[in-house]
Every structure is written in structure tokens, then in C-alpha cells.
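Asker: sequence unavailable; structure follows:
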């Protein structure tokens, strides 16, 4: 009577180990049962208990399953795209991201039969997963080094002052999502909180979280310039992005398209900070940028802006008129919103009705009716303006005039007894008038509705504690725009140094302005279809101080440096 070969009762890898003489049949059977009862992979059980050498098990598994065997020592751990897979999945399935090629992710595994783990990682990353067999001991060592380095780096960045910080979404519907966060993510939660708090305390306007192939960096925009502030471990990039997306009420699972959201941070009973959040997919993960919206900026007075006496006189005169249009122009980040809200703050009182339409509302002020435009629902600037005009307005602020429809309604409002404030994206004040004409606004309407155009830039202030006198040759001063009379009278030019009270010699910013009231003479030139050059020449003959001249005046006062004025005003 034939008897069954005992080896055939063993499955896959165990049978191969017996056939290769690495284990006896009894030892293989016992190890299989023990690994199953302990809910551990057979490979891990054999190697960690010293039953078989890791190299021998890996070779046997490679032959049995036809999976290539890779020497993990041949790759630099810093080149592994560990940020693509969350730590809990790496630990759970004992699989480390090895190489990413296009849409394929190669995972270092010691047990190639763990198809469930490969499928779960494929689901979470959206990438096709392929197993690459490595030795168990080398895989465990690589995982421990990578994950321990991550935890150590995170713990070094944590601060005890974050315990009572209240951070959530713009509305209060976050409790359930917050409570469902995995405990393992607590260091990431605290780290993001600390970054936000540091940014607020340092006067930062924007925070950039940027993943690259081998590094991850966090940069703060301070006084208009970006400065690198931190380099968290690259393998937590996905967790950092996911945390901020949860806070901003975005779709955490969606990584292929940009998303927008908002975060609210409560610092105290009387102060809260909003963050406008945007994510964008890049080659190596999602870049996240947060714009800090601090409503305390609305308390700025006109003295803080940086006007000279004549500019201040024109500005105050224009906002004191009961009707007409005031336009502020300049590039993104030039302080237009703060200038407009400084005007609104001066006008805000119980006797007037002020309404604003913005995209989005950046500064929240009590007593002003503020509207977030939302083109997806049909609430455009033009629609918001139409609604305002039916609600008995005195003063209207439009975030930006982007199209003819918005421009026409704004002009009509200015002509029918309302004060309208808005912005355009032009380089200087005279070009703003021709831009309106090019949009299709008749010259007569422009001349009769626009009271004042204000072009502006923001220049960094020199640090009062460390600025130093610079020796600038006479010819260089002439070339920069100073006159012989000014040089003979004496000009002291200061430059940056850098100390512990500033950032590279600068602290804070000051406005550089071109304030052009639309006089009768300029109005007549507009109706004669004068171009921007003709309008500029006429305005200068009436005493207009352009952006360059305004900047040089700040240099003479020692407020900023010649280098900084060249950066923001020189074409």
C-alpha cells in the first residue's frame, strides 16, 4: 500500500526549505503552525527565532515564488520614497517603498505571499505595487532606522506650549474628524500646530510645505521674501499634507487635483487667525501653501502705511468724498488689501452702510457687511455688486475688477452717489486709466467716476538696530535717480547687516506709493483718448511722485536700502 510523502503536506516555502535541507519536516511543520497561531509571517518567525539564516530563507523564497532577490545594502536609504506609504502600513505589512518608476511602486518585502498587504498599499497610494524580495534582517533594520529617525526628528521639533492650542476648520464641524485621527499621527498633529504658531509669532504671511525627491522643506514668507525654516523627514510628507487637508476640510483621498480650504486657529478669547489653504500635486507629492489672514491688520492707521504728507492729503481727501471711485493697483502681495481696509476702517461708523465683495474675505471687520464671492454657485463680483446696490449702500468695496461687467457696474455705482473702492492689476496709476478704456468703459465714464488711483509696492524696512551707512559713489547716486542738488545737500544711504532682532538686516515693511488724483486736466486728457504716457507726463507736471521717486524718498529717510528699492521699483 502506497504512503503519502510527508513533505507534500507542507505548503510553499516550508516545503522548499525542507527540500533544500535547511529544515527538517518536523521543524518546518512546527514552525508553520507556530507562525500561524502567532499571526506572524513564516519568514519573520524563522529568521527572528534563529531557525534559519535570513539569506537562506530569501534565496529559497525567490526560487519558490519566482520573485527577484535584491540586496538592500546596494541602495541608499535616503533615496527610498518612504513618504509614499504611511508608517502604520509599513509596520503592518512589513513592506518598505524601494523605488518609484512612473506609476509603479516597488516594495521591499521578505514575504512575497502577502498579497493583501500589496493590495492595501496599492489602494492607499493609487500606484501599481510590485514586490521585490529582500532579506528579513536587512528589511527590519532599514525599517527601524527610517522610522526611528522620523520619530526622533519629530520629537525634537515639538513644543510643550501647544497643549491648549485650539485649531480647527472655518466652521465647527470638525470634532468627529479630529477624534478619528490615528494616535500614531499625534507627533504630526503637534508639529503642524507648532509650524502655524511659529509663523504667526514671526509675522509670516505665507507658509510653504514643499516635497522634493530626497528632501522636504518648510519656508516662511517674511517681509515679502521666502526663508527656509525647517526640514522635516521626507517620509512624513504625505502625513503632513493629509493633516492639513483634514484641518482645512478637504478630500484627504484626492491627491491628483488642486484643492482649496480654510483653517481657523483660536489663539485667545479675543483673537483668532484664519489660514487660506491650497494644495497642488507635484512630482514628489502634494505642495501645501497656507496664507495667513490676520484681521488685526485692519486696525492699521493711515500713518502706518508710509504715505508722505502730500500723498496722505490726496488719499484722505478722496475717501472723504461721498461718491466716486478709488482704485488701488499693484502686483499680488503689494499690500492693496491692507490699504483698502485702512480706508474702510477710517470710514466705518454706524451712520454708513459698507459692503464688500472679496475672493476670499481676508480681513474680518465688525460693522462691515462682507461677502465671499463663489463663482461655482453664480455669486460673482458682478452679482454681489448688483445685490449691494439694492441694499441701500453708502460705500462698496470690490475685491478686484476683472471683467467688463464688474467694471460697468462699479462705474455706475460711483456715478450714482456711492463711494466705490476696488483693485486692478496694472503696473502704475496712469496705466490703470487706459486699462479701463481697453476693457470697454467709455472715456467720459472713466473721467467722471474715478477720483483717485493709487499704485503701490511693499519694500522691506531696514532694521534700526543694525543698519549701517554705505559708501555709494557720486555717479552711482546720479544713475539711481538722485539729483545734483540732493547730493550736494547730503545723502546718507543705509544698507542691511543682520542681527538677532531681524531677518538679514530687515524687519517689517513700508509702502512705496504713487498717488494720482484725477484732476480736471487729466479728465480732459482721458476724454481726448490720451494714452498712459501722456497721462503720466501731465500728472508729473502737476506734482505726481512716481513709485521710483517715492522709493528714493524712503532711502533718503534711512527707512530702506537702495538695493531694496531697486528690487521693487526698477524695471
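Answerer: Noted; the coordinates are in hand. For clarity, every value in this text was computed on a predicted model and none was experimentally measured. Numbering: from 1, shown residues only.

Asker: what is the burial count for residue 477?
Answerer: 19 (other CB atoms under 10 Å). Quick note: C-beta positions are derived from backbone N, CA and C, even for glycine.

Asker: surely it is within a strand?
Answerer: No - assigned with DSSP: H, G, I helix; E, B strand; the rest coil, residue 477 falls outside any strand and is helix.

Asker: go ahead and confirm it touches residue 489.
Answerer: No - under the criterion of CB atoms under 8 Å, residue 477 is not in contact with residue 489, lying 11.9 Å apart.

Asker: which strand residues bridge residue 371?
Answerer: Following DSSP bridges, residue 371 is listed with bridge partners residue 357.

Asker: who touches it in this structure?
Answerer: 355-358, 361, 379, 384 (CB atoms under 8 Å, 6 or more residues apart in numbering).

Asker: for these, which one is nearest residue 73?
Answerer: Of all the contacts of residue 371, residue 361 has the smallest distance to residue 73: 56.0 Å, by CB to CB.

Asker: relative to residue 386, how far out is the nearest residue to that closest one once chain neighbours are set aside?
Answerer: Residue nearest to residue 361 in three dimensions, not counting chain neighbours: residue 370, with 4.7 Å by CB to CB, 6 or more residues apart in numbering. Distance, residue 370 to residue 386, using CB to CB, to the nearest Å: 17 Å.

Asker: of those two, who's got more company?
Answerer: Between residue 370 and residue 386, counted using other CB under 10 Å, the more crowded position is residue 370 (17 against 13).

Asker: picking that back up, right, and the residue nearest to residue 361 touches residue 362 too?
Answerer: No - with contact defined as CB under 8 Å, residue 370 and residue 362 do not form a contacting pair (9.7 Å).

Asker: and the pLDDT for the closest residue to residue 14 other than its chain neighbours?
Answerer: Closest residue to residue 14 apart from its sequence neighbours, by CB to CB, 6+ apart: residue 28 at 4.3 Å. We have a pLDDT of 71 for residue 28.

Asker: and if you look at residue 552?
Answerer: Taking residue 552 on its own, its pLDDT is 92.

Asker: enumerate every residue touching it.
Answerer: Residue 552 neighbours (CB under 8 Å, 6+ apart): 480-482, 565.

Asker: now swap in residue 469 and tell me
Answerer: 492-495.

Asker: same deal with residue 386?
Answerer: Residue 386 neighbours (CB under 8 Å, 6+ apart): residue 409.

Asker: and it, how far is that from residue 504?
Answerer: In terms of CB to CB, residue 386 sits 48 Å off from residue 504.

Asker: then residue 292?
Answerer: Counting by CB to CB, the gap from residue 292 to residue 504 is 20 Å.

Asker: what do you get for residue 553?
Answerer: Taken as CB to CB, the span from residue 553 to residue 504 is 23 Å.

Asker: go on, residue 64?
Answerer: Residue 64 is 61 Å from residue 504, by CB to CB.

Asker: higher neighbour count, those two?
Answerer: The neighbour count for residue 64 versus residue 504, taken as other CB under 10 Å, is higher for residue 64 (18 against 15).

Asker: and the pLDDT at that one?
Answerer: 78.

Asker: check residue 547 too.
Answerer: At residue 547, pLDDT is 92.

Asker: what is the burial count for it?
Answerer: Around residue 547 there are 21 residues (other CB under 10 Å).

Asker: so it touches residue 569, yeah?
Answerer: Yes - judged on CB under 8 Å, residue 547 makes contact with residue 569 at a distance of 4.9 Å.

Asker: common neighbours of those two, please.
Answerer: 457, 512.

Asker: any idea how far the residue nearest to residue 484 when sequence neighbours are not counted lies from residue 490?
Answerer: Of all residues not flanking residue 484 in the chain, residue 478 sits nearest, at 7.4 Å (CB to CB, 6+ apart). From residue 478 across to residue 490, the span is 15 Å (CB to CB).

Asker: the more surrounded of the two?
Answerer: Per other CB under 10 Å, whichever of residue 478 and residue 490 has more neighbours is residue 478, with 13 against 7.

Asker: pLDDT score assigned to that one?
Answerer: At residue 478, pLDDT is 89.

Asker: that one and residue 568, how far apart?
Answerer: Relative to residue 568, and taking CB to CB, residue 478 is found at 21 Å.

Asker: for residue 18, same thing?
Answerer: 77 Å.

Asker: quick revisit: ok, and the most crowded of the contacts of residue 371?
Answerer: residue 357 (26 neighbours).

Asker: what's the local residue count around residue 197?
Answerer: 18.

Asker: sorry, wrong one. I was asking about residue 471.
Answerer: 7.

Asker: that one and residue 27: what is the separation?
Answerer: Counting by CB to CB - residue 471 and residue 27 are separated by 85 Å.

Asker: what kind of secondary structure is the closest residue to residue 464 other than its chain neighbours in?
Answerer: Nearest residue to residue 464, sequence neighbours excluded (CB to CB, 6+ apart): residue 507, at 7.9 Å. Per three-state DSSP, the secondary structure class of residue 507 is strand.
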